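Student: make a model of this:
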Amino acid sequence: MTLQEGKDKFIQSWGTLGSNWGINRTMAQIHALLLISPEALSADDIIEELKISRGNANMNIRALIDWGLVYKELKPGERREFFVAEKDMWEVVKNIIIQRKKKELEPMLRVLDELSSVEGEDEQTQMFTEVIKDIKLFSSKADSTLDTLIKADSNWFVGTFMKMIK
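Tutor: Below is the predicted model of the structure:
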C-alpha cells in the first residue's frame, strides 16, 4: 500500500467513524485530512484534496473549530486562512465527549426532569414514573462519569482503563 492509498483509506474510515460520533461524514473527513497533514492546510487545499464544495468545506471547518478539534493558523504574508487539527488524541476525545454530552445527554436529562413530574396513582402512571426514574438515574450517573472523564488527565484514564480490561 502506498502512502497516498493509506491516507485515502484513513480519511474514508475516519469519515465513517465520524457518523458514529454524531457528526457528518464530510466533517470527519476534513478532520482526518487535517490530523494526518504535517502542516496547516487552507480551505482551498481541503477542497482540492477531498473534492468537496467551498460551502461544504467552510461550514464543516467552522463546525470543527466550534468543537475544538481544529484551529486557525495564521501564516505571515498570507491572506488565506490555514487550519490545523488538534493532534493530542486525549484532547480530541474530550472535546468530542463534551460536544456529544451537550447535544444529546443534557437535553435528555432536562426532558427526564420534566417527565418526573407526571402525576397519578394508577398502575400505568406508576410504571411510567418508575421507568423514567430508572432512566434518569442511569443518565445522571453517565453524566457524572463523563464529567469526571473530561476533568481527568490522560494518564489517569489510560491507567484506569487498563485496570478495567485486565
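
Student: quick check: which element contains residue 77?
Tutor: Following DSSP states H and E, there is no helix or strand that holds residue 77.

Student: let me see the contact set for it.
Tutor: Residue 77 sits next to no residue when contact means Cβ atoms under 8 Å, 6 or more residues apart in numbering. C-beta here means a position set from N, CA and C on the backbone, and glycine is covered the same way.

Student: ramachandran angles for it?
Tutor: Backbone torsions for residue 77, taken as degrees, to the nearest 10, come to phi 80, psi 0.

Student: same question, residue 82
Tutor: Per-residue torsions, residue 82: phi -120, psi 150 (degrees, to the nearest 10).

Student: can you pull the contacts of the residue lying closest to it once chain neighbours are set aside?
Tutor: Of all residues beyond its chain neighbours, the one nearest residue 82 is residue 40 (3.7 Å), with distances taken as Cβ to Cβ, 6 or more residues apart in numbering. Residue 40 makes contact with 73, 75, 82-84, according to Cβ under 8 Å, 6+ apart.

Student: how does it look with 6 Å?
Tutor: Residues near residue 40 by Cβ atoms under 6 Å, 6 or more residues apart in numbering: 73, 82-84.

Student: what is the helix or strand encompassing residue 60 packed up against?
Tutor: Assigned by DSSP H and E, residue 60 falls within helix 54-66. Secondary-structure packing of helix 54-66 (3 or more Cβ pairs under 6 Å, 6 or more residues apart in numbering; DSSP states H and E): helix 25-36, helix 43-50.

Student: again, only using 7 Å
Tutor: Contacting helix 54-66 under the criterion 3 or more Cβ pairs under 7 Å, 6 or more residues apart in numbering; DSSP states H and E are the following elements: helix 25-36, helix 43-50, strand 70-73.

Student: no further queries at this time; thank you.
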